[in-house]
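Novice: Quick one: sequence plus predicted model below, questions after.
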Amino acid sequence: MNYQDIIRKQRHFFNTNSTKDISFRITELKRLKSILSDNEEFLYKAIYKDFKKSKYETYTTELSLIYHEIDLALANIKKWSKKRKVATGMANFPSKGYVIPEPYGTTLIIGAWNYPYQLSFAPVVAAIAAGCTIILKPSEISAHAAAAMAQLINTNFNPDFFTVIEGGIAETTEVLTHKFDKIFFTGSVPVGKIIYQAAAKHLTPVTLELGGKSPAIITKDVNMDLTAKRLVWAKFLNAGQTCIAPDYVLVEATAQKSFLAAIKKHIIQAEYALENQNYTQIINQKNFNRLKELIDQDKVFYGGELDTENRIISPTIMTDITLEDAIMQHEIFGPILPIVSFNTIDNAIAIIKTFAKPLSCYIFTKNKTIKNKILNEVSFGGGAVNDAVMHIIENNLPFGGVGESGIGNYHAKAGFDAFSHNKSVLQKSFWLELNLKYSPYTSSKLKWLKRLIG
Ligand code: NAD
């Protein structure tokens with residue numbers, strides 16, 4: 001495919017200023033929503049072919065989030081894109097100051113496979129709202145979902161405004177050689193580094209939504225039953241293939257026994273057996289084999305069952321974990337939950353700090369001092385106190401990582417900002433000129449300058 005040609009046409013279209021018109025953006029957002037809602041069954045079938053993701057989870061964790069982002073953008077787009085007045089100082093008296101959010105221009109959005117619709121279309125919504133043109137490259141790993149997106153978008157949108165290109169490493173490498181005005185990437189840390197390097201060649205701004213080992217810390221004073229219930233949902237949703245899933249649990253040593261009993265009870269209650277039709281497959285054989293290798297059967301407290309033919313791994317809890325174990329070396333990204341016990345909160349924090357700054361952190365405690373200590377001492381992208389994963393749906397909580405877990409954030413207004421440049425303007429008038437900045441530089445002018453601007 002001739003990417004140069006697509007980019008040139010999109011740049012030309014952007015330069016017609018059509019996307020700067022708010023009514024254009026509103027029309028395109030509505031178009032996206034109606035295309036998705038009219039084709040839900042088509043989208044469910046495609047994702048089911050990729051990794052047997054159920055309708056229920058596809059709606060709740062993908063489509064509903066996209067619809068919500070569209071509705072929010074439609075309700076707020078005028079406010080978000082409005083010129084904002086700001087105060088100006090005495091040195092420029094008389095003057096006005098304002099900030100104009102302007103669209104970056106021609107953008108590239110690269111998605112991951114684990115939530116293929118949401119991770120592609122949530123940034124697309126933000127880009128449309130901000131007034132950018134878009135080339136979307138979904139992950140080739142969830143191939144059916146990628147083809148479904150390409151079919152729906154490429155038959156319904158003007159390609160000079162929004163188009164989907166399909167492809168894997170070779171195609172992405174090729175497209176990345178071209179200049180964009182913004183690149184938004186969701187995926188792994190190693191590929192994030194490749195994207196950042198390619199963007200740097202053109203000084204293109206990036207948002208990088210990456211991953212890492214996200215901890216859940218549990219102290220002995222919590223409601224253990226509800227803690228376990230919330231964690232079981234957060235971890236085994238999408239069979240653990242969630243960037244913000246709790247990767248490992250740090251539980252206060254004296255509470256480990258009651259936590260293990262509660263977590264086992266909730267896995268059984270959720271009916272996550274191998275034959276559960278609503279339990280997602282592992283995406284491919286490569287990942288299935290990788291996860292299989294991570295399960296040390298001697299350390300399995302519960303689960304550990306494998307259905308190789310269907311690429312299913314039952315919810316697996318591992319105990320007696322040390323930081324040297326294979327399971328603690330990289331992000332797990334599957335339905336295996338290692339439990340590590342700790343004696344003091346300093347001990348737990350020290351363990352978290354042996355890893356790169358995580359994308360998420362979950363603190364389960366009733367102890368305010370401990371909660372504040374973790375919030376103060378541990379750097380992480382975002383998270384929750386007494387819950388896991390649910391922070392992602394809050395409009396007023398920008399979503400993103402820090403350090404190795406990512407650069408920048410999005411969702412709702414933060415998404416609009418990710419695709420906008422804040423153009424700052426000072427506006428002067430002609431009716432007065434203080435003349436203090438001009439030569440000749442006299443001592444009386446300096447005296448006045450000091451009085452006016454300090
Ligand atoms: P990945 O990095 O392998 O792939 C992501 C995208 O990059 C795909 O579109 C792929 O085609 C492309 N890509 C892969 N290799 C490339 C290369 N060498 N050069 C250029 N492009 C390349 O990630 P993945 O396996 O799809 O997703 C899993 C990872 O993504 C996990 O680490 C997870 O934590 C992270 N993730 C993060 C978020 C978030 O919002 N922060 C969301 C989902 C997943």
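Specialist: Arrived safely, thanks for sending.
Novice: give the contact list for the closest residue to residue 111 other than its chain neighbours.
Specialist: The shortest distance from residue 111 to any non-neighbouring residue, by Cβ to Cβ, 6 or more residues apart in numbering, is to residue 120 (3.9 Å). Yep, even glycine has a C-beta here, placed from its N, CA and C like the rest. Residue 120 sits next to 109, 111, 136, 138, 149 when contact means Cβ atoms under 8 Å, 6 or more residues apart in numbering.
Novice: Close to the ligand: what parts of the chain are there?
Specialist: Residues of the chain lying close to the ligand by Cβ under 6 Å from any ligand atom are 110-114, 119, 137, 139-141, 168-169, 172-173, 186-188, 191, 194, 209-211, 243, 331, 333, 359, 401, 406.
Novice: What about those residues, which are in strands?
Specialist: 110, 137, 186, 209, 406 (DSSP state E).
Novice: Please tell me I have it right and the third one contacts residue 195.
Specialist: By that I understand residue 186. No - at 10.0 Å, residue 186 does not count as touching residue 195 under the criterion of Cβ atoms under 8 Å.
Novice: what sits in contact with each of these two?
Specialist: Joint contacts of residue 186 and residue 195 (Cβ under 8 Å, 6+ apart) are residue 110.
Novice: Those two - which one has more neighbours?
Specialist: Using other Cβ atoms under 10 Å, the more surrounded residue of residue 186 and residue 195 is residue 186, with 27 against 21.
Novice: And the pLDDT for that one?
Specialist: In this model, residue 186 is scored at 98, pLDDT.
Novice: Apart from its chain neighbours, what residue comes closest to it?
Specialist: In space, residue 186 comes closest to residue 209 once its chain neighbours are excluded; the distance is 4.2 Å by Cβ to Cβ, 6+ apart.
Novice: residue contacts, that neighbour?
Specialist: Residue 209 makes contact with 119, 184, 185, 186, 187, 243, 399, 400, 401, 406, 410, according to Cβ under 8 Å, 6+ apart.
Novice: so of the residues of the chain next to the ligand, which ones are in helices?
Specialist: 119, 169, 172, 173, 191, 194 (DSSP state H).
Novice: Tell me how far residue 345 lies from the ligand.
Specialist: Residue 345 sits 26 Å away from the ligand, taking Cβ to the nearest ligand atom, to the nearest Å as the criterion.
Novice: Next, that residue: phi, psi?
Specialist: phi -70, psi -30 (degrees, to the nearest 10).
Novice: State the pair within the ones in strands among the residues of the chain next to the ligand that is farthest apart.
Specialist: Greatest spacing in those, by Cβ to Cβ: 137 and 406 (18.2 Å).
Novice: Please report the confidence value the model assigns to whichever residue of the stretch 151-300 of the chain sits closest to the ligand.
Specialist: Per Cβ to the nearest ligand atom, residue 211 is where the stretch 151-300 of the chain lies closest to the ligand, at 2.1 Å. Looking at residue 211, its pLDDT reads 95.
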